[in-house]
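What would the 3D arrangement of this be:
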Amino acid sequence: MTSLVAAVRRPAAIAVLWRFSRPHTLVGTFLSAAGLYLIAVATLPHAGLDHLLWVMLAGACVNVAIVGVNQITDVEIDRVNKPHLPLAAGDLSVDAAWRIVAVCAAVPLVLGLTQGPLETAAVACALAVGAAYSLPPVRLKRYPVIASLCISGVRAIAVNVGMYGHFRLAFGGRLELPPSVWALTLFVLPFSFAIAVLKDVPDREGDRRFSIATFTVRLGPRRAAGLGIAALVAAYAGMALLGPLLVDDAHGGVLAAGHLAALVAVLVTARRADPADRVAFTRFYLGIWVLFFLEYALLPVAVLVR
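Numbers count the residues shown, from 1 in each chain. A predicted model of the protein is given here:
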């Protein structure tokens, strides 16, 4: 443990750890926690920032543990699909990666025990799903429908319900979800499904070579991309049309205008994203993550200006 702590203090080692954490997923976790905290604060204004910081730490560790296990089990695949990742590039050993994963799995479980049963359950569930997704003999990532449900379940349910429920209980409220959090959870389900499908489009060569039957491998890149984009359109159109009618704790105009603008952005950028162009489609995929980040700003704003 001492050697691990000493290693991550060195600038080069910190850069490797940052790459190992898959930064776009880590930022998504931070913003999810902040957005859900703001929605909770809207009804429980005497909440403290300490709970947000602990939840962010736990969420970050869970995130690193899950993506770390995936990289450990996918070293050979990543040498084809993502040679810049630290394990695939030889910048991090498998033993060191396992030590990082072990620490990142233990920290949120310990924190959960001090923060309450709901956070403990959310952390344990996310870690278990992440392990089942990557590790043999289960290795659910081999089955595209189940793999996408794993990602959707963690992002939509473990994160939204678990984090918001923890904030409510920690701030003295009852364990109940307002319409805005239900809407956010239902929105993130198809959005996370789209992320799960679209992330594999640029990775088709390595997945095909190592018999990972993603939607892209089974359907081809164009049909898989169309499936992911259709899920995004459904998520945004549903929120823009039904949000103002059903989400009575958020400003309907903000919901409609914000989600319609995002829908236009998806359609415009999707037209320029060629699934056969690995670099261009990766840029499009990372742009979808930016829209995911913005969702956790849009919903809290709609609630706070209500």
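
just the helices in the stretch 151-300 of the chain please.
Remark: helices assigned in the stretch 151-300 of the chain by DSSP state H, counting those that start in this stretch are 162-170, 179-198, 204-209, 215-219, 221-246, 252-272, 278-304.

Tell me which of the ones you listed is the most buried.
The highest average neighbour count among those, using mean count of other CB atoms under 10 Å, belongs to helix 162-170 at a mean of 24. The way it works is simple: take the backbone N, C-alpha and C, and place the C-beta from them, glycine included.

what packs against that helix?
Applying 3 or more CB pairs under 8 Å, 6 or more residues apart in numbering; DSSP states H and E, we find helix 162-170 packed against helix 23-43, helix 49-73, helix 117-134.

Quick check: buried residues in the second one?
By neighbour count with 16 or more other CB atoms under 10 Å, helix 49-73 contains the buried residues 51-52, 54-56, 58-73.

same check, this time on the last one
Burial within helix 117-134, assessed by neighbour count using 16+ other CB under 10 Å, is assigned to 118-120, 122-127, 129-131, 133-134.

how near is residue 210 to residue 99?
From residue 210 across to residue 99, the span is 25 Å (CB to CB, to the nearest Å).

what residue ranges in this protein score low on pLDDT?
Applying pLDDT under 70 to the chain flags residues 1-11, 46-47.

If we use 90, what do you get?
1-15, 41-51, 112-119, 168-176, 306 (pLDDT under 90).

so residue 145 is in which element?
helix 144-153 (DSSP states H and E).

what sits up against that helix?
Contact partners of helix 144-153, identified using CB atoms under 8 Å, 6 or more residues apart in numbering, comprise 129-130, 132-133, 140-141, 188-190, 192-193, 195-197, 213-215, 218.

Likewise for stretch 28-35?
Under CB under 8 Å, 6+ apart, the answer for stretch 28-35 is 52, 55-56, 59-60, 62-63, 155, 159-160, 163, 184, 289, 292-293, 295-297, 299-300.

could you dump the helix holding residue 145 to PDB, C-alpha only?
In PDB, the C-alpha atoms belonging to helix 144-153 read as follows (Å, rounded to 0.1, in the frame of the first residue of the first chain):
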ATOM      1  CA  PRO A 144     -24.800  -7.300 -26.100                       C
ATOM      2  CA  VAL A 145     -28.300  -6.900 -24.600                       C
ATOM      3  CA  ILE A 146     -27.200  -7.900 -21.100                       C
ATOM      4  CA  ALA A 147     -24.000  -5.800 -21.400                       C
ATOM      5  CA  SER A 148     -26.000  -2.700 -22.300                       C
ATOM      6  CA  LEU A 149     -28.400  -3.400 -19.400                       C
ATOM      7  CA  CYS A 150     -25.500  -3.600 -17.000                       C
ATOM      8  CA  ILE A 151     -24.300  -0.100 -18.000                       C
ATOM      9  CA  SER A 152     -27.800   1.300 -18.000                       C
ATOM     10  CA  GLY A 153     -28.600  -0.200 -14.700                       C
END
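
do you know how far residue 76 is from residue 144?
Distance, residue 76 to residue 144, using CB to CB: 20 Å.

which of these two has more neighbours?
residue 144 (22 against 12; other CB atoms under 10 Å).

so how far is residue 228 from that one?
Taken as CB to CB, the span from residue 144 to residue 228 is 12 Å.

got any residues that touch both of the two?
197, 215.

Alright, calling it a day.
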